[in-house]
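*Asks:* Give the three-dimensional model of this entry:
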Amino acid sequence: MSKLKFKVGDRVKVTDDAEALMERCGIIERSGHIGVITKAQHSGKLGYQVMFDCDQEEGITLWISEDLMDHVQFCATYSGISYPMDPKLGDFSLVDIAHSLSLICRFNGHSTHMWSVAQHSLLVIDVLRISSTTRLIDFYGNHLLKWALLHDAPEAYVGDMVRPLKDAMPEYQEAEKRIERAMAEQFQLSLPMPDEVKMADDRALAIEAQYLGFDISGWGLPKPPFGVASIAHHLQDIPPKAAELAWLTTASDLGLPFR
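*Replies:* Residues are numbered from 1 along each chain as shown. The predicted model follows:
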């Protein structure tokens, strides 16, 4: 395999992941979908290489040194990398989202026991199904339920943050909104997020907070239009792996596209 010195304007054939990574550097034009990007060492330096097919029999490896990547803001995910400051259509993996949300504890970890964002998202779906009229669900189809499952999905890429701190950090809110917009486009959800989902989110918060031992008087949360006992069977303590599987199963049942 040959080693080529990188130069601006190189045209290469690469996979979707490599294409997205290098496109964000502004260093190549889009072209083809052949090859794979990996992190590697070359001449003692850490960086990235892209192997792609060409007219030469052996193919070519394009080397990108790490210093060329310094200005690309990305973070590691369960299955690869993401770009929270510059999200694009196709960046998001339901597997990544489910895995991350199942390991993020609600209430900044101050509950009596583990209660993940994945469990919260599933509870929001249950609250929506119980509190919404059949006519409303029939009218919107699965759209409301998809939004309910994904309403906190950006937290898989920017983390969960308690509301008082989030309200004081507009930069965080904007990053979260950018991801939400890109997710809505990828998963074919209409913006803005439906008010019914926001209401179900607050009702689920009130239910789980009481279940987890918090005194919610003064929190200003809406009272659920049903007794907590009617949804008690949905409040189950399950390990993260089970929550991850339940989230993914629900996503599949709702017809969300996996990639």
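
*Asks:* if I look at Asp237, how far off is Val124?
*Replies:* Applying C-beta to C-beta, to the nearest Å, the value for Asp237 to Val124 is 18 Å. (Glycine included, C-beta is placed from N, CA and C.)

*Asks:* Kindly report the same for Lys198.
*Replies:* 10 Å.

*Asks:* Quick check: neighbours shared by those two?
*Replies:* His151 (C-beta atoms under 8 Å, 6 or more residues apart in numbering).

*Asks:* higher neighbour count, those two?
*Replies:* A count of neighbours by other C-beta atoms under 10 Å puts Val124 above the other of Lys198 and Val124, at 27 against 15.

*Asks:* isn't the more buried one right up against Ala148?
*Replies:* Yes. Using C-beta atoms under 8 Å, Val124 is in contact with Ala148, at 4.6 Å.

*Asks:* who touches both of the two?
*Replies:* Shared contacts of Val124 and Ala148, counting by C-beta under 8 Å, 6+ apart, come down to Val197, Ala200, Asp201.

*Asks:* Tell me where the chain has strands.
*Replies:* Secondary structure of the chain (DSSP state E): strands at 2-4, 36-42, 45-52, 60-65, 75-76, 81-82.

*Asks:* contacting residues around the closest residue to Ser82 other than its chain neighbours?
*Replies:* Of all residues not flanking Ser82 in the chain, Tyr157 sits nearest, at 5.4 Å (C-beta to C-beta, 6 or more residues apart in numbering). The contact partners of Tyr157, taken as C-beta under 8 Å, 6+ apart, are Cys75, Thr77, Ser82, Pro84, Pro87, Phe92, Ser100, Ile179.

*Asks:* Keep only those of these that are in helices.
*Replies:* Among these, DSSP state H puts Ser100, Ile179 in helices.

*Asks:* Most widely separated two among the contacts of Tyr157?
*Replies:* The span of these, defined through C-beta to C-beta, is set by Pro87 and Ser100 at 14.8 Å.

*Asks:* Is Ser102 in contact with Ile238, as I believe?
*Replies:* No. Applying C-beta under 8 Å as the test, Ser102 and Ile238 come out as separate, 9.4 Å apart.

*Asks:* which one of those two has more residues nearby?
*Replies:* Taking neighbours as other C-beta under 10 Å, Ser102 and Ile238 compare with Ser102 leading, 25 against 17.

*Asks:* how close does the more buried one sit to Ala118?
*Replies:* When Ser102 is compared with Ala118 (using C-beta to C-beta), they lie 4 Å apart.

*Asks:* can you list residues touching both of the two?
*Replies:* In contact with both Ser102 and Ala118: Pro240, Ala243, Glu244, Trp247, using C-beta under 8 Å, 6+ apart.

*Asks:* Neighbours of the third one, how many?
*Replies:* Under the neighbour criterion other C-beta under 10 Å, Glu244 is assigned a count of 22.
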